[in-house]
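*Asks:* need a structure here:
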Amino acid sequence: MGHGSYEHIAVSESGFVATIEVRRAPNNFIDTDMVGEIADALEVYDRVTDVRAIVLCSDGKHFCAGADFGSRGADGVARATKRGRHLYKEAQRLWRTGKPIVAAVQGAAVGAGVGLAVMADFRVTCPEARFSVNFTRLGYHPGFGLTASLPRLIGMQQATLLMYTGRRLTGEEALRIGLADYCVAQDQVRARAVELAAEIASSAPLSIVATRETMRRGLAEAVARATEREFEEQDWMRSTADFKEGTKAMGERRAPNFQAK
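*Replies:* Residues are numbered from 1 along each chain as shown. Here you go, the predicted model:
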């Protein structure tokens, strides 16, 4: 398949469906290198005619519990890598690939993890899953393109509500507002995602890619514009007392005491 070797993901193919599995259990925290590898894999599959749909899933308890604020320092969400790349530049690549993607969300999708799930065309989840766009609870600005992608998916009002409150939704609640498309038993999430991908893959492949391009027209550009704005806001917020308090409070599992400074 011309993949080379990956450090953070595993790829496989069965029939017309490819699977990209994030392997950073249990939390599958996001960073530039991991997102870059997902983008690499998607770009490879764009050139493989026998792959017609893709399942994006994670090994472990959570789908993606967000950016790693702990071991990577407070700026983990926007760090540059040893290769000098930037998280949001890598993320923008995800939106420019052509094949349909079904995300299997078997556990928590938090912060940037929601962004990764929303990047897919469809989401299969379970009652035990939790979705939280929690940036403002950390004293931070939403990122990973969510200010553009989330309103397009669930509407401006619902998206704004989730961003202002940072509230956690169950899989059933996500289904109800259109954040997820299917809610099944936890041990069936990946199988259902593969089933849906296979159903999509039974349609004519040239038609699917063309239709997807039409349906998602302008989305990659909107996400690119959004991430520029998101990064600018995150950049100055990282140095605020409230961001330090928000991340500290999260680590200590307590309510934050924000000071507006």
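*Asks:* what stretches of the stretch 151-261 of the chain score poorly on pLDDT?
*Replies:* Along the stretch 151-261 of the chain, the model assigns pLDDT under 70 to no residue.
*Asks:* which residue ranges form the helices in it?
*Replies:* 156-165, 171-176, 189-201, 205-215, 219-237, 241-251 (DSSP state H, counting those that start in this stretch).
*Asks:* just so I know, which of those helices lies nearest residue 27?
*Replies:* helix 241-251 (13.0 Å; C-beta to C-beta). Backbone N, C-alpha and C define where each C-beta goes, glycine included.
*Asks:* returning to what we had before: pick the most deeply packed of the helices of the stretch 151-261 of the chain.
*Replies:* helix 189-201 (a mean of 21; mean count of other C-beta atoms under 10 Å).
*Asks:* Need the contact partners of that one.
*Replies:* Outside helix 189-201, the residues that touch it by C-beta atoms under 8 Å, 6 or more residues apart in numbering are 14-17, 19, 52-55, 57, 100, 102-106, 122, 124-126, 181-182, 184, 208.
*Asks:* Sitting in helices, which of those residues do you find?
*Replies:* Counting by DSSP state H, the contacts of helix 189-201 place residue 208 in helices.
*Asks:* Show the buried residues in the contacts of helix 189-201.
*Replies:* 16-17, 19, 52-55, 57, 100, 102-106, 122, 124-126, 181-182, 184, 208 (16 or more other C-beta atoms under 10 Å).
*Asks:* Tell me which entries of the residues you listed lie within strands.
*Replies:* The members of the buried ones among the contacts of helix 189-201 that map onto strands under DSSP state E are 17, 19, 53-55, 57, 102-105, 122, 124-125, 182.
*Asks:* Need these in TSV (columns: distance to residue 3).
*Replies:* Below are these laid out as TSV (distance: C-beta to C-beta, whole Å):
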residue	distance to residue 3
17	16
19	13
53	17
54	13
55	16
57	17
102	20
103	20
104	20
105	24
122	24
124	24
125	28
182	29
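*Asks:* Out of those residues, the closest to residue 5 would be?
*Replies:* Among these, and counting by C-beta to C-beta, the member closest to residue 5 is residue 19, at 16.6 Å.
*Asks:* Report the contact partners of the closest one.
*Replies:* By C-beta under 8 Å, 6+ apart, residue 19 lies in contact with 11, 12, 13, 54, 55, 57, 194.
*Asks:* 6 Å instead, please
*Replies:* 12, 55 (C-beta atoms under 6 Å, 6 or more residues apart in numbering).
*Asks:* What of the one 4 residues further on?
*Replies:* Residue 23 sits next to 10, 59 when contact means C-beta under 6 Å, 6+ apart.
*Asks:* any weak-confidence spans in the stretch 1-150 of the chain?
*Replies:* Scanning the stretch 1-150 of the chain for pLDDT under 70 picks out 1-2, 69-85.
*Asks:* What segments of it are strands?
*Replies:* 9-14, 17-22, 53-58, 101-105, 108-110, 122-125, 130-132 (DSSP state E, counting those that start in this stretch).
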